[in-house]
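*Asks:* Using only what follows, build the 3D model:
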Amino acid sequence: MAEEIIVGLFESKGIAEDACNRLRTEGVPDRQVALKVLHDIGPVPQVVDAELAALTVDPLVWGDVRDNYVNYIKNGETAVLVQALDPDEAELAVNVLRMFEPLVVEALVLQTTPAARSRATSAAE
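*Replies:* This next block holds a predicted model:
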């Protein structure tokens with residue numbers, strides 16, 4: 001099973017904090033939950049155009065992230081990210097986040113290459 005990151009986008013930090021508290025109440029460890037307040041998107045400086053173009057070919061980025069989420073980001077929107085190590089954890093995270101009426105909830109599947117997996121296994125031993 002590939003690890004998943006469940007992303008919920010909320011209208012305000014307060015609602016997102018409530019969702020985080022509920023996740024913790026349901027047994028999700030603090031280290032698997034992150035909260036990030038988003039701000040208005042300003043014009044992109046020309047000096048970072050190359051880096052943004054490089055993100056579109058990264059295998060961990062699906063499509064153009066900036067364009068996918070730009071419609072949801074205004075002032076005060078807050079993202080909650082939950083690391084799910086198995087399908088049950090992913091389902092729990094999605095269900096809890098949906099209880100707080102997010103703007104969007106998505107599951108991103110993280111896949112590592114076989115070489116990366118073997119390095120991680122070697123490091124753990």
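*Asks:* quick check, Ala34 in a strand?
*Replies:* Yes. Counting by DSSP: H, G, I helix; E, B strand; the rest coil, Ala34 is part of a strand.
*Asks:* and it, what does it touch?
*Replies:* Val80, Leu81, Val82 (C-beta atoms under 8 Å, 6 or more residues apart in numbering). Using the backbone N, CA and C atoms, a C-beta is placed for each residue, glycine as well.
*Asks:* can you check Val82 too?
*Replies:* So Val82 contacts Ile5, Ile6, Val7, Gly8, Leu23, Val28, Gln32, Val33, Ala34, Glu89, Ala93, Leu97 (C-beta under 8 Å, 6+ apart).
*Asks:* Tell me who's in contact with the third one.
*Replies:* With C-beta under 8 Å, 6+ apart as the criterion, the residues that contact Val7 are Ala79, Val80, Leu81, Val82, Val104, Val105, Glu106, Ala107, Leu108.
*Asks:* Can you select the buried ones among these for me in ChimeraX?
*Replies:* Isolation of the buried members of the contacts of Val7 (16 or more other C-beta atoms under 10 Å) is achieved in ChimeraX through the command below:
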select :79,80,82,105
